[in-house]
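Chemist: sequence and predicted structure are below.
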Amino acid sequence: MERIVYMDNAATTPVDAAVLDEMKPFFTEQFANPMTYAHSSSGDVAHVAVEEARVRVASLIGSQPEQVMFTSGGTESDNWVLKGTVERASRERLHKSGHLVTAEFEHHAILHSALALQRQGYEVTFVKVGHSGIVDPDDVQRAMRPTTALVSIMHANNEIGTIQPIADIARIAHEHGALMHTDAVQTTAHIPVDVDTLGVDFLSVSAHKFNGPKGVGILFVRDQEALYPFIDGGGQEWGLRGSTHNVPGIVGLGKAAQLGKERLPRELERLTMLRDMLLSKLSAQIDGIVVNGDMKQRVPQNLNIRIEGIDNEPLLLAMNEAGIIAAGGSACNALETLASHVLTSIGCDLKEAKSSIRLSLGYATTTEDVNYAIDVIPGLVKFLRSMA
Amino acid sequence: MDKYSRATIREFMSPSNIGYIDDPSGMGHIADNADAVELTFFISVDAGHITDAKYRVAGCTALISTLSVLSKELPGKTIDEALALDMSYLSGVLDGLPESKWRCAGYAVQALHLAIEDYQSKGEATAG
(Lines give C-alpha, C1' and ligand atoms only; values in the text may rest on other atoms or scores of the structure.)
Protein backbone atom coordinates (compact mmCIF):
# COMPACT_ATOMS: atom_id res chain seq x y z
CA MET A 1 0.00 0.00 0.00
CA GLU A 2 1.08 3.52 -0.76
CA ARG A 3 2.56 5.23 2.26
CA ILE A 4 0.59 8.16 3.66
CA VAL A 5 2.24 10.45 6.18
CA TYR A 6 -0.36 12.85 7.52
CA MET A 7 1.15 16.11 8.71
CA ASP A 8 -1.92 18.31 8.63
CA ASN A 9 -3.26 17.66 12.11
CA ALA A 10 -3.87 21.37 12.68
CA ALA A 11 -6.54 21.09 9.97
CA THR A 12 -8.13 18.01 11.45
CA THR A 13 -7.23 14.71 13.10
CA PRO A 14 -8.47 11.14 12.67
CA VAL A 15 -11.12 9.97 15.14
CA ASP A 16 -9.49 7.73 17.72
CA ALA A 17 -10.75 4.11 17.62
CA ALA A 18 -11.78 4.28 21.28
CA VAL A 19 -13.73 7.47 20.57
CA LEU A 20 -15.59 5.87 17.69
CA ASP A 21 -16.42 2.82 19.83
CA GLU A 22 -18.07 5.00 22.46
CA MET A 23 -20.00 6.95 19.84
CA LYS A 24 -21.40 4.01 17.88
CA PRO A 25 -24.29 2.92 20.13
CA PHE A 26 -25.65 6.46 20.13
CA PHE A 27 -26.25 6.33 16.38
CA THR A 28 -28.31 3.15 16.62
CA GLU A 29 -29.80 1.47 19.70
CA GLN A 30 -29.25 4.45 22.05
CA PHE A 31 -30.81 6.95 19.69
CA ALA A 32 -33.16 8.66 22.14
CA ASN A 33 -33.37 12.39 22.65
CA PRO A 34 -31.65 13.30 25.93
CA MET A 35 -34.25 15.98 26.63
CA THR A 36 -36.81 13.20 27.20
CA TYR A 37 -34.94 11.79 30.19
CA ALA A 38 -37.61 12.65 32.74
CA HIS A 39 -40.16 10.22 31.31
CA SER A 40 -38.05 7.88 29.16
CA SER A 41 -35.39 5.51 30.37
CA SER A 42 -33.75 5.43 26.94
CA GLY A 43 -33.79 9.23 26.96
CA ASP A 44 -32.13 9.01 30.34
CA VAL A 45 -29.32 6.86 28.90
CA ALA A 46 -28.61 9.57 26.32
CA HIS A 47 -28.92 12.30 28.95
CA VAL A 48 -26.47 10.55 31.26
CA ALA A 49 -24.03 10.12 28.36
CA VAL A 50 -24.24 13.82 27.46
CA GLU A 51 -23.71 14.84 31.07
CA GLU A 52 -20.79 12.42 31.44
CA ALA A 53 -19.21 14.03 28.37
CA ARG A 54 -19.76 17.45 29.93
CA VAL A 55 -17.89 16.34 33.06
CA ARG A 56 -15.02 14.97 30.98
CA VAL A 57 -14.65 18.19 28.98
CA ALA A 58 -14.90 20.28 32.16
CA SER A 59 -12.14 18.17 33.68
CA LEU A 60 -9.92 18.80 30.64
CA ILE A 61 -10.26 22.60 30.84
CA GLY A 62 -10.59 22.99 34.62
CA SER A 63 -14.15 24.34 34.61
CA GLN A 64 -17.42 23.37 36.25
CA PRO A 65 -19.52 21.02 34.08
CA GLU A 66 -22.39 23.52 33.93
CA GLN A 67 -20.03 26.04 32.34
CA VAL A 68 -19.58 23.78 29.30
CA MET A 69 -22.02 24.54 26.45
CA PHE A 70 -22.03 22.08 23.59
CA THR A 71 -21.93 23.63 20.12
CA SER A 72 -21.32 22.50 16.55
CA GLY A 73 -17.62 23.37 16.82
CA GLY A 74 -15.07 26.13 17.08
CA THR A 75 -16.60 28.38 14.45
CA GLU A 76 -20.00 28.41 16.13
CA SER A 77 -18.45 28.97 19.55
CA ASP A 78 -16.45 31.93 18.21
CA ASN A 79 -19.49 33.42 16.43
CA TRP A 80 -21.63 32.98 19.52
CA VAL A 81 -19.29 34.57 22.01
CA LEU A 82 -18.42 37.59 19.87
CA LYS A 83 -21.96 38.40 18.82
CA GLY A 84 -23.66 37.29 22.04
CA THR A 85 -21.48 39.30 24.42
CA VAL A 86 -20.99 42.48 22.39
CA GLU A 87 -24.72 42.74 21.69
CA ARG A 88 -25.70 42.05 25.28
CA ALA A 89 -23.17 44.41 26.86
CA SER A 90 -24.12 47.13 24.38
CA ARG A 91 -27.83 46.86 25.08
CA GLU A 92 -27.87 46.16 28.79
CA ARG A 93 -24.75 47.74 30.28
CA LEU A 94 -23.25 50.32 27.95
CA HIS A 95 -26.49 51.57 26.36
CA LYS A 96 -24.52 52.31 23.20
CA SER A 97 -22.56 50.37 20.60
CA GLY A 98 -19.85 48.40 22.33
CA HIS A 99 -16.28 47.78 21.24
CA LEU A 100 -14.42 44.55 20.56
CA VAL A 101 -10.66 44.05 20.71
CA THR A 102 -9.16 41.19 18.74
CA ALA A 103 -6.01 40.53 16.68
CA GLU A 104 -5.19 40.64 12.99
CA PHE A 105 -4.06 37.02 12.82
CA GLU A 106 -7.13 35.39 14.35
CA HIS A 107 -8.94 32.54 12.64
CA HIS A 108 -11.58 33.66 10.16
CA ALA A 109 -14.27 32.46 12.58
CA ILE A 110 -13.24 35.42 14.75
CA LEU A 111 -12.23 37.87 12.01
CA HIS A 112 -15.40 37.45 9.99
CA SER A 113 -17.60 37.56 13.11
CA ALA A 114 -15.83 40.78 14.07
CA LEU A 115 -16.46 42.22 10.60
CA ALA A 116 -20.12 41.21 10.88
CA LEU A 117 -20.33 43.15 14.15
CA GLN A 118 -18.64 46.12 12.50
CA ARG A 119 -21.24 46.07 9.72
CA GLN A 120 -23.92 46.33 12.38
CA GLY A 121 -22.35 49.46 13.84
CA TYR A 122 -20.24 48.00 16.64
CA GLU A 123 -16.61 49.06 16.89
CA VAL A 124 -13.69 46.70 16.48
CA THR A 125 -9.95 47.12 16.97
CA PHE A 126 -7.69 44.58 15.31
CA VAL A 127 -4.44 44.59 17.27
CA LYS A 128 -1.30 44.14 15.17
CA VAL A 129 1.04 41.22 15.73
CA GLY A 130 4.83 41.42 15.36
CA HIS A 131 7.34 39.05 13.80
CA SER A 132 7.24 36.76 16.83
CA GLY A 133 3.59 35.94 16.17
CA ILE A 134 2.81 36.85 19.77
CA VAL A 135 0.38 39.62 20.72
CA ASP A 136 1.93 42.25 23.00
CA PRO A 137 -0.35 42.81 26.01
CA ASP A 138 0.65 46.50 25.91
CA ASP A 139 -0.95 46.76 22.47
CA VAL A 140 -4.16 45.32 23.92
CA GLN A 141 -3.89 47.81 26.79
CA ARG A 142 -3.65 50.68 24.30
CA ALA A 143 -6.66 49.39 22.36
CA MET A 144 -8.97 49.34 25.40
CA ARG A 145 -11.83 51.85 25.59
CA PRO A 146 -14.52 52.53 28.19
CA THR A 147 -16.94 50.81 25.81
CA THR A 148 -14.84 47.66 25.28
CA ALA A 149 -17.20 44.77 25.92
CA LEU A 150 -14.95 41.86 24.96
CA VAL A 151 -11.34 41.03 24.23
CA SER A 152 -10.85 37.93 22.08
CA ILE A 153 -7.32 36.67 21.47
CA MET A 154 -6.61 33.13 20.34
CA HIS A 155 -4.70 30.84 22.71
CA ALA A 156 -2.43 29.58 19.92
CA ASN A 157 -2.45 30.57 16.29
CA ASN A 158 -3.73 27.91 13.90
CA GLU A 159 -1.04 28.45 11.26
CA ILE A 160 2.12 29.25 13.18
CA GLY A 161 1.21 27.70 16.55
CA THR A 162 2.47 30.60 18.65
CA ILE A 163 1.04 30.67 22.18
CA GLN A 164 -0.38 33.97 23.39
CA PRO A 165 -0.04 35.52 26.87
CA ILE A 166 -3.74 35.03 27.61
CA ALA A 167 -3.54 35.43 31.40
CA ASP A 168 -1.83 38.83 31.04
CA ILE A 169 -4.31 39.97 28.42
CA ALA A 170 -7.26 38.73 30.50
CA ARG A 171 -6.02 40.84 33.42
CA ILE A 172 -5.98 43.92 31.20
CA ALA A 173 -9.47 43.15 29.87
CA HIS A 174 -10.86 42.77 33.39
CA GLU A 175 -9.14 45.95 34.65
CA HIS A 176 -11.11 47.77 31.98
CA GLY A 177 -14.39 46.06 32.81
CA ALA A 178 -14.35 43.93 29.66
CA LEU A 179 -14.81 40.18 29.32
CA MET A 180 -12.12 37.86 27.96
CA HIS A 181 -12.46 35.11 25.37
CA THR A 182 -9.84 32.83 23.91
CA ASP A 183 -10.14 30.47 20.96
CA ALA A 184 -8.34 27.40 22.34
CA VAL A 185 -9.03 25.17 19.35
CA GLN A 186 -5.31 24.63 18.68
CA THR A 187 -4.24 24.20 22.30
CA THR A 188 -6.88 22.11 24.06
CA ALA A 189 -5.55 18.61 24.77
CA HIS A 190 -2.16 19.67 23.33
CA ILE A 191 -0.86 21.92 26.11
CA PRO A 192 -2.39 22.50 29.55
CA VAL A 193 -5.54 24.60 29.22
CA ASP A 194 -7.13 25.75 32.47
CA VAL A 195 -9.82 28.41 32.39
CA ASP A 196 -8.87 29.75 35.82
CA THR A 197 -5.14 29.91 35.13
CA LEU A 198 -5.89 31.67 31.86
CA GLY A 199 -8.41 33.90 33.61
CA VAL A 200 -10.87 33.74 30.75
CA ASP A 201 -14.63 34.20 30.77
CA PHE A 202 -15.12 32.23 27.56
CA LEU A 203 -13.11 29.61 25.71
CA SER A 204 -13.77 27.80 22.41
CA VAL A 205 -12.89 24.14 21.82
CA SER A 206 -13.34 21.90 18.79
CA ALA A 207 -13.38 18.09 19.12
CA HIS A 208 -11.87 17.19 15.75
CA LYS A 209 -8.56 18.88 16.55
CA PHE A 210 -7.80 16.23 19.18
CA ASN A 211 -9.04 12.98 17.71
CA GLY A 212 -12.72 13.59 18.34
CA PRO A 213 -15.43 13.82 15.67
CA LYS A 214 -16.09 16.79 13.42
CA GLY A 215 -19.16 18.97 13.97
CA VAL A 216 -18.97 19.25 17.75
CA GLY A 217 -17.23 21.57 20.19
CA ILE A 218 -17.91 23.68 23.22
CA LEU A 219 -18.02 27.21 24.44
CA PHE A 220 -16.91 27.53 28.05
CA VAL A 221 -19.18 30.18 29.59
CA ARG A 222 -18.19 31.37 33.05
CA ASP A 223 -21.36 33.40 33.61
CA GLN A 224 -24.49 32.63 31.60
CA GLU A 225 -25.75 36.19 32.17
CA ALA A 226 -22.92 37.61 30.07
CA LEU A 227 -24.20 36.67 26.64
CA TYR A 228 -27.33 36.24 24.56
CA PRO A 229 -28.18 32.91 22.95
CA PHE A 230 -26.90 32.52 19.40
CA ILE A 231 -29.13 29.68 18.24
CA ASP A 232 -32.63 30.26 19.54
CA GLY A 233 -34.69 27.15 19.96
CA GLY A 234 -35.59 24.67 22.66
CA GLY A 235 -34.36 24.60 26.23
CA GLN A 236 -31.11 22.75 25.57
CA GLU A 237 -27.94 24.05 27.20
CA TRP A 238 -29.85 26.10 29.79
CA GLY A 239 -31.85 27.69 27.00
CA LEU A 240 -28.70 29.30 25.63
CA ARG A 241 -28.20 27.02 22.65
CA GLY A 242 -31.23 25.42 21.09
CA SER A 243 -31.11 22.30 18.88
CA THR A 244 -31.35 18.62 19.73
CA HIS A 245 -28.07 17.45 21.21
CA ASN A 246 -25.65 15.83 18.80
CA VAL A 247 -25.40 12.89 21.19
CA PRO A 248 -22.87 10.70 19.30
CA GLY A 249 -20.71 13.76 18.63
CA ILE A 250 -20.89 14.93 22.24
CA VAL A 251 -20.08 11.44 23.51
CA GLY A 252 -17.11 11.35 21.12
CA LEU A 253 -15.95 14.77 22.29
CA GLY A 254 -16.16 13.57 25.89
CA LYS A 255 -14.09 10.48 25.19
CA ALA A 256 -11.53 12.49 23.20
CA ALA A 257 -11.30 14.94 26.11
CA GLN A 258 -10.72 12.10 28.57
CA LEU A 259 -8.04 10.53 26.36
CA GLY A 260 -6.52 13.93 25.63
CA LYS A 261 -6.14 14.66 29.32
CA GLU A 262 -4.54 11.27 30.00
CA ARG A 263 -2.16 11.52 27.05
CA LEU A 264 -1.25 15.19 27.30
CA PRO A 265 1.97 15.09 29.37
CA ARG A 266 3.53 12.31 27.29
CA GLU A 267 2.32 13.68 23.97
CA LEU A 268 3.55 17.17 24.78
CA GLU A 269 7.03 15.76 25.29
CA ARG A 270 6.92 13.31 22.37
CA LEU A 271 5.58 15.76 19.79
CA THR A 272 7.97 18.50 20.90
CA MET A 273 10.85 16.07 20.38
CA LEU A 274 9.57 14.94 16.96
CA ARG A 275 8.83 18.48 15.81
CA ASP A 276 12.27 19.73 16.88
CA MET A 277 13.91 16.77 15.16
CA LEU A 278 11.94 17.52 11.99
CA LEU A 279 13.15 21.13 12.00
CA SER A 280 16.77 20.39 12.78
CA LYS A 281 17.10 17.62 10.20
CA LEU A 282 15.30 19.56 7.46
CA SER A 283 17.45 22.63 8.23
CA ALA A 284 20.59 20.51 8.03
CA GLN A 285 19.70 19.38 4.50
CA ILE A 286 17.95 22.44 3.05
CA ASP A 287 19.53 25.90 2.85
CA GLY A 288 17.38 28.91 3.52
CA ILE A 289 14.82 27.57 6.00
CA VAL A 290 13.32 30.18 8.33
CA VAL A 291 10.78 29.41 11.05
CA ASN A 292 7.69 31.63 10.94
CA GLY A 293 6.93 32.96 14.41
CA ASP A 294 8.52 32.30 17.78
CA MET A 295 9.85 28.76 18.12
CA LYS A 296 9.71 28.54 21.93
CA GLN A 297 6.22 29.85 22.67
CA ARG A 298 4.64 27.36 20.30
CA VAL A 299 2.33 24.36 20.54
CA PRO A 300 4.31 21.11 20.23
CA GLN A 301 2.52 19.83 17.14
CA ASN A 302 3.23 22.83 14.91
CA LEU A 303 6.09 23.64 12.58
CA ASN A 304 5.68 26.48 10.08
CA ILE A 305 8.69 27.19 7.90
CA ARG A 306 9.45 29.17 4.83
CA ILE A 307 11.88 27.76 2.30
CA GLU A 308 13.69 30.36 0.27
CA GLY A 309 13.05 30.28 -3.47
CA ILE A 310 10.17 27.81 -3.26
CA ASP A 311 6.49 28.28 -4.07
CA ASN A 312 4.55 26.28 -1.49
CA GLU A 313 1.89 25.16 -3.94
CA PRO A 314 4.08 22.93 -6.14
CA LEU A 315 6.00 21.75 -3.07
CA LEU A 316 2.80 20.66 -1.33
CA LEU A 317 1.63 18.91 -4.50
CA ALA A 318 4.95 17.13 -4.92
CA MET A 319 4.84 16.14 -1.23
CA ASN A 320 1.31 14.83 -1.74
CA GLU A 321 2.55 12.75 -4.69
CA ALA A 322 5.11 11.28 -2.29
CA GLY A 323 2.37 10.59 0.29
CA ILE A 324 3.09 13.48 2.67
CA ILE A 325 0.08 15.62 3.44
CA ALA A 326 0.79 19.11 4.80
CA ALA A 327 -0.58 22.62 4.35
CA GLY A 328 0.28 26.08 3.09
CA GLY A 329 -2.03 28.44 4.91
CA SER A 330 -4.83 26.97 6.97
CA ALA A 331 -7.10 24.32 5.46
CA CYS A 332 -9.99 26.72 5.66
CA ASN A 333 -8.27 28.85 3.01
CA ALA A 334 -6.67 26.17 0.88
CA LEU A 335 -8.63 27.39 -2.13
CA GLU A 336 -7.41 30.94 -1.87
CA THR A 337 -4.47 31.71 -4.07
CA LEU A 338 -3.68 34.67 -1.87
CA ALA A 339 -0.96 34.37 0.72
CA SER A 340 -1.89 33.58 4.30
CA HIS A 341 -3.27 36.55 6.28
CA VAL A 342 -1.50 35.16 9.34
CA LEU A 343 1.93 35.26 7.73
CA THR A 344 1.42 38.70 6.23
CA SER A 345 0.20 39.93 9.64
CA ILE A 346 3.51 38.91 11.23
CA GLY A 347 5.46 40.82 8.60
CA CYS A 348 6.13 38.24 5.88
CA ASP A 349 5.98 39.68 2.38
CA LEU A 350 3.87 37.88 -0.22
CA LYS A 351 6.82 35.93 -1.57
CA GLU A 352 7.80 34.74 1.91
CA ALA A 353 4.23 33.81 2.74
CA LYS A 354 3.94 31.82 -0.48
CA SER A 355 7.11 29.94 0.28
CA SER A 356 5.82 28.74 3.65
CA ILE A 357 4.48 25.35 4.65
CA ARG A 358 2.85 24.12 7.84
CA LEU A 359 3.72 20.65 9.09
CA SER A 360 1.45 19.70 11.98
CA LEU A 361 1.84 16.47 13.93
CA GLY A 362 -0.66 14.56 16.00
CA TYR A 363 -1.28 11.58 18.24
CA ALA A 364 -1.12 9.26 15.23
CA THR A 365 2.23 10.66 14.03
CA THR A 366 5.08 8.18 14.48
CA THR A 367 8.86 8.61 14.52
CA GLU A 368 8.91 6.69 11.21
CA ASP A 369 6.52 9.26 9.72
CA VAL A 370 8.84 12.08 10.70
CA ASN A 371 11.87 10.22 9.37
CA TYR A 372 10.09 9.66 6.07
CA ALA A 373 9.36 13.39 5.77
CA ILE A 374 13.01 14.15 6.60
CA ASP A 375 14.10 11.74 3.85
CA VAL A 376 11.69 12.96 1.17
CA ILE A 377 11.19 16.73 1.53
CA PRO A 378 14.82 17.80 0.85
CA GLY A 379 14.77 15.97 -2.49
CA LEU A 380 11.55 17.69 -3.53
CA VAL A 381 12.95 21.11 -2.59
CA LYS A 382 16.05 20.29 -4.64
CA PHE A 383 13.83 19.26 -7.56
CA LEU A 384 11.94 22.58 -7.48
CA ARG A 385 15.08 24.64 -6.99
CA SER A 386 16.71 22.86 -9.94
CA MET A 387 14.15 24.51 -12.24
CA ALA A 388 14.96 28.04 -11.18
CA MET B 1 -13.59 22.86 -6.46
CA ASP B 2 -10.43 23.81 -8.29
CA LYS B 3 -7.99 20.99 -8.59
CA TYR B 4 -5.33 19.93 -11.02
CA SER B 5 -5.83 17.16 -13.56
CA ARG B 6 -3.60 14.11 -13.36
CA ALA B 7 -2.10 15.22 -16.70
CA THR B 8 -1.06 18.54 -15.11
CA ILE B 9 0.48 16.84 -12.08
CA ARG B 10 2.33 14.31 -14.30
CA GLU B 11 3.70 17.15 -16.44
CA PHE B 12 4.77 19.10 -13.35
CA MET B 13 6.46 16.09 -11.73
CA SER B 14 8.63 15.45 -14.81
CA PRO B 15 8.80 18.69 -16.74
CA SER B 16 10.49 18.79 -20.16
CA ASN B 17 13.03 21.29 -21.50
CA ILE B 18 14.16 22.95 -18.28
CA GLY B 19 17.48 24.63 -18.95
CA TYR B 20 19.27 27.37 -20.82
CA ILE B 21 19.97 27.96 -24.50
CA ASP B 22 23.43 29.41 -25.02
CA ASP B 23 23.24 32.34 -27.38
CA PRO B 24 19.45 32.19 -27.84
CA SER B 25 17.68 33.86 -30.76
CA GLY B 26 15.32 35.43 -28.25
CA MET B 27 14.88 35.60 -24.48
CA GLY B 28 11.98 36.71 -22.30
CA HIS B 29 12.22 37.39 -18.56
CA ILE B 30 9.40 37.91 -16.07
CA ALA B 31 9.65 38.49 -12.31
CA ASP B 32 6.61 39.13 -10.16
CA ASN B 33 7.19 39.22 -6.43
CA ALA B 34 3.53 39.18 -5.45
CA ASP B 35 2.96 36.00 -7.45
CA ALA B 36 6.32 34.58 -6.33
CA VAL B 37 7.20 34.04 -9.98
CA GLU B 38 10.57 34.30 -11.70
CA LEU B 39 10.82 32.99 -15.23
CA THR B 40 13.20 33.13 -18.18
CA PHE B 41 12.19 31.70 -21.56
CA PHE B 42 14.71 31.01 -24.36
CA ILE B 43 14.04 30.27 -28.04
CA SER B 44 16.26 29.33 -30.98
CA VAL B 45 14.94 30.33 -34.38
CA ASP B 46 16.30 29.15 -37.70
CA ALA B 47 14.95 29.96 -41.16
CA GLY B 48 11.73 31.34 -39.74
CA HIS B 49 11.03 28.30 -37.56
CA ILE B 50 11.52 27.78 -33.84
CA THR B 51 14.03 24.97 -33.40
CA ASP B 52 14.34 24.82 -29.60
CA ALA B 53 12.68 26.24 -26.47
CA LYS B 54 13.92 26.07 -22.89
CA TYR B 55 13.15 27.86 -19.61
CA ARG B 56 14.11 28.41 -15.98
CA VAL B 57 11.26 28.89 -13.53
CA ALA B 58 10.30 29.44 -9.93
CA GLY B 59 6.53 29.46 -9.70
CA CYS B 60 3.38 27.48 -9.25
CA THR B 61 2.42 24.05 -10.56
CA ALA B 62 0.21 25.51 -13.28
CA LEU B 63 3.04 27.66 -14.64
CA ILE B 64 5.60 24.84 -14.57
CA SER B 65 3.31 22.37 -16.38
CA THR B 66 2.20 25.02 -18.91
CA LEU B 67 5.84 25.90 -19.67
CA SER B 68 6.64 22.23 -20.15
CA VAL B 69 3.78 21.73 -22.61
CA LEU B 70 4.54 25.00 -24.42
CA SER B 71 8.23 24.15 -24.83
CA LYS B 72 7.30 20.82 -26.42
CA GLU B 73 4.79 22.44 -28.78
CA LEU B 74 7.16 25.09 -30.14
CA PRO B 75 9.86 23.26 -32.16
CA GLY B 76 8.97 23.32 -35.86
CA LYS B 77 6.48 26.16 -35.55
CA THR B 78 6.74 29.49 -37.34
CA ILE B 79 6.64 32.69 -35.26
CA ASP B 80 3.00 33.23 -36.25
CA GLU B 81 2.10 29.69 -35.26
CA ALA B 82 3.92 30.17 -31.95
CA LEU B 83 2.04 33.40 -31.26
CA ALA B 84 -1.23 31.55 -31.88
CA LEU B 85 -0.60 29.20 -28.93
CA ASP B 86 -2.87 30.52 -26.20
CA MET B 87 -3.98 29.48 -22.73
CA SER B 88 -7.15 27.77 -23.88
CA TYR B 89 -5.10 25.51 -26.18
CA LEU B 90 -2.40 24.82 -23.57
CA SER B 91 -5.01 24.18 -20.88
CA GLY B 92 -6.60 21.64 -23.21
CA VAL B 93 -3.29 19.78 -23.57
CA LEU B 94 -3.21 19.57 -19.76
CA ASP B 95 -6.76 18.15 -19.61
CA GLY B 96 -8.01 21.48 -18.28
CA LEU B 97 -6.24 23.85 -15.93
CA PRO B 98 -8.40 25.34 -13.15
CA GLU B 99 -9.52 28.78 -14.34
CA SER B 100 -8.17 30.38 -11.17
CA LYS B 101 -4.71 29.27 -12.34
CA TRP B 102 -4.89 30.69 -15.85
CA ARG B 103 -3.56 34.09 -14.85
CA CYS B 104 -0.39 32.64 -13.32
CA ALA B 105 0.03 30.02 -16.05
CA GLY B 106 -0.35 32.85 -18.55
CA TYR B 107 3.14 34.06 -17.60
CA ALA B 108 4.37 31.19 -19.81
CA VAL B 109 2.69 32.69 -22.87
CA GLN B 110 3.81 36.20 -21.90
CA ALA B 111 7.41 35.03 -21.55
CA LEU B 112 7.27 33.40 -24.99
CA HIS B 113 5.91 36.63 -26.45
CA LEU B 114 8.73 38.59 -24.83
CA ALA B 115 11.25 36.12 -26.26
CA ILE B 116 9.72 36.54 -29.73
CA GLU B 117 9.80 40.34 -29.40
CA ASP B 118 13.43 40.08 -28.38
CA TYR B 119 14.15 37.90 -31.43
CA GLN B 120 12.29 40.28 -33.74
CA SER B 121 14.02 43.38 -32.34
CA LYS B 122 17.41 41.75 -32.95
CA GLY B 123 16.32 41.01 -36.53
CA GLU B 124 15.38 44.64 -37.02
CA ALA B 125 18.69 45.76 -35.56
CA THR B 126 20.54 43.46 -37.95
CA ALA B 127 18.40 44.56 -40.89
CA GLY B 128 18.99 48.23 -39.97
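Modeler: Great, that's in hand. Numbering: from 1, shown residues only, chains lettered A, B, ... in the order given.
Chemist: residue B:55 against residue B:39, yeah?
Modeler: Yes. Residue B:55 is within contact range of residue B:39, at 6.6 Å (criterion: C-beta atoms under 8 Å). The way it works is simple: take the backbone N, C-alpha and C, and place the C-beta from them, glycine included.
Chemist: between the two, which is the more surrounded one?
Modeler: residue B:55 (27 against 24; other C-beta atoms under 10 Å in any protein chain shown).
Chemist: and the more buried one, what element?
Modeler: strand B:49-58 (DSSP states H and E).
Chemist: continuing past that strand, what's the next helix or strand?
Modeler: In N-to-C order, the element after strand B:49-58 by DSSP H and E is helix B:61-73.
Chemist: gap between whatever helix or strand comes next after that next one and the chain center?
Modeler: Of the helices and strands lying after helix B:61-73 in sequence (DSSP H and E), the nearest is helix B:79-83. Mean C-alpha position of helix B:79-83 versus that of the full chain (C-alpha atoms, centre = their mean, to the nearest Å) differs by 12 Å.
Chemist: mind listing what's buried in helix B:79-83?
Modeler: Neighbour-count burial for helix B:79-83 flags B:79, B:82 (criterion: 16 or more other C-beta atoms under 10 Å in any protein chain shown).
Chemist: mean confidence for it?
Modeler: Helix B:79-83 comes out with an average pLDDT of 97.
Chemist: tell me where chain A has helices.
Modeler: Applying DSSP state H to chain A gives helices spanning A:17-23, A:41-61, A:74-89, A:108-119, A:137-143, A:166-175, A:195-198, A:247-285, A:312-321, A:341-345, A:350-353, A:367-385.
Chemist: just give me the lowest mean pLDDT stretch among those.
Modeler: Across those, helix A:350-353 gives the lowest mean pLDDT, at a mean of 86.
Chemist: find the closest residue to chain B in the stretch 51-200 of chain A.
Modeler: Using C-beta to the nearest C-beta, the closest approach of the stretch 51-200 of chain A to chain B is made by residue A:159 at 17.5 Å.
Chemist: break chain A into its domains for me.
Modeler: Under the assignment automatic domain parsing, the domains of chain A span A:5-13+A:264-385, A:17-259.
Chemist: can you add mean neighbour count and give those back as CSV?
Modeler: Formatted as CSV, these follow (neighbours: other C-beta atoms under 10 Å in any protein chain shown):
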stretch, mean neighbour count
domain A:5-13+A:264-385, 19
domain A:17-259, 21
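Chemist: export those to CSV and tack on distance to residue B:62?
Modeler: Formatted as CSV, the domains of chain A follow (distance: least, C-beta to C-beta, whole Å):
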stretch, distance to residue B:62
domain A:5-13+A:264-385, 8
domain A:17-259, 24
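Chemist: of all of the stretch 151-300 of chain A, which residue lies closest to chain B?
Modeler: For the stretch 151-300 of chain A, C-beta to the nearest C-beta, closest residue to chain B: residue A:288, 12.5 Å.
Chemist: that older thread, and the strand holding residue B:55 with chain A, contact?
Modeler: Yes. On the criterion C-beta under 8 Å from any C-beta of the partner chain, strand B:49-58 is in touch with chain A at B:56-58.
Chemist: counting contacts, what elements does that strand pack onto?
Modeler: Secondary structure elements in contact with strand B:49-58, counted by 3 or more C-beta pairs under 8 Å, 6 or more residues apart in numbering or on different chains; DSSP states H and E, are strand B:37-46, helix B:61-73, helix B:102-127.
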